[in-house]
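Peer 1: Structural data only, the sequence is not supplied:
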């Protein structure tokens, strides 16, 4: 008789969480995946905010990040960063050109 093994073992990491982690590595200018993992363990609030849990040892290891990077086009992240920078510059320009003290309309 064959046993049903579905539901056994840890579920995989969310691709969104993995992308966020790689984005953090780029933004914080971390030199290696090992540095990223150290950052996630030393900053549990950051790790939990992106979907990991260092308290329960639920942080990907180097091989998991490596496999993810091989299956994911890293250029998409660089395009995302570029897009976010341009949007931020546009919002900042709108902010500077308006007479409002915040980047959203004041309610009178």
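Peer 2: Cool, got the structure. Values in this document were obtained by computation on a predicted structure and should not be read as measured data.
Peer 1: What about residue 39, how many residues nearby?
Peer 2: For residue 39, the count of nearby residues is 17 (other C-beta atoms under 10 Å). All C-beta spots, glycine's among them, are computed from the backbone N, C-alpha and C.
Peer 1: was I right about it contacting residue 45?
Peer 2: No: Residue 39 sits out of contact with residue 45 when judged by C-beta atoms under 8 Å, with a separation of 11.6 Å.
Peer 1: ranges for the strands of this protein?
Peer 2: For the chain, no strands are identified by DSSP state E.
Peer 1: which stretches of it have low pLDDT?
Peer 2: Applying pLDDT under 70 to the chain flags residues 1-11, 93-108.
Peer 1: repeat that for 90
Peer 2: The model of the chain has pLDDT under 90 over residues 1-12, 23, 26-27, 54-57, 69-108.
Peer 1: Regarding it, what is its longest helix?
Peer 2: In the chain, assigned by DSSP state H, the helix with the most residues is helix 75-97.
Peer 1: quick one: buried residues of it?
Peer 2: Neighbour counts over helix 75-97 (16 or more other C-beta atoms under 10 Å) mark residue 77 as buried.
Peer 1: buried residues in stretch 32-50?
Peer 2: Result for stretch 32-50 [16+ other C-beta under 10 Å]: buried residues 33, 36-37, 39-40, 46-47, 50.
Peer 1: Check these and tell me the two furthest apart.
Peer 2: 33 and 46 (15.7 Å; C-beta to C-beta).
Peer 1: before we move on, back to that, just how off-centre is the longest helix of the chain within its chain?
Peer 2: Here helix 75-97 is found 17 Å from its chain centre; the criterion is C-alpha atoms, centre = their mean, to the nearest Å.
Peer 1: and what of stretch 62-72?
Peer 2: 14 Å.
Peer 1: what's next to that stretch, contact-wise?
Peer 2: 13, 15, 18-19, 21-22, 33-34, 36-37, 60 (C-beta atoms under 8 Å, 6 or more residues apart in numbering).
Peer 1: Done for today, thanks.
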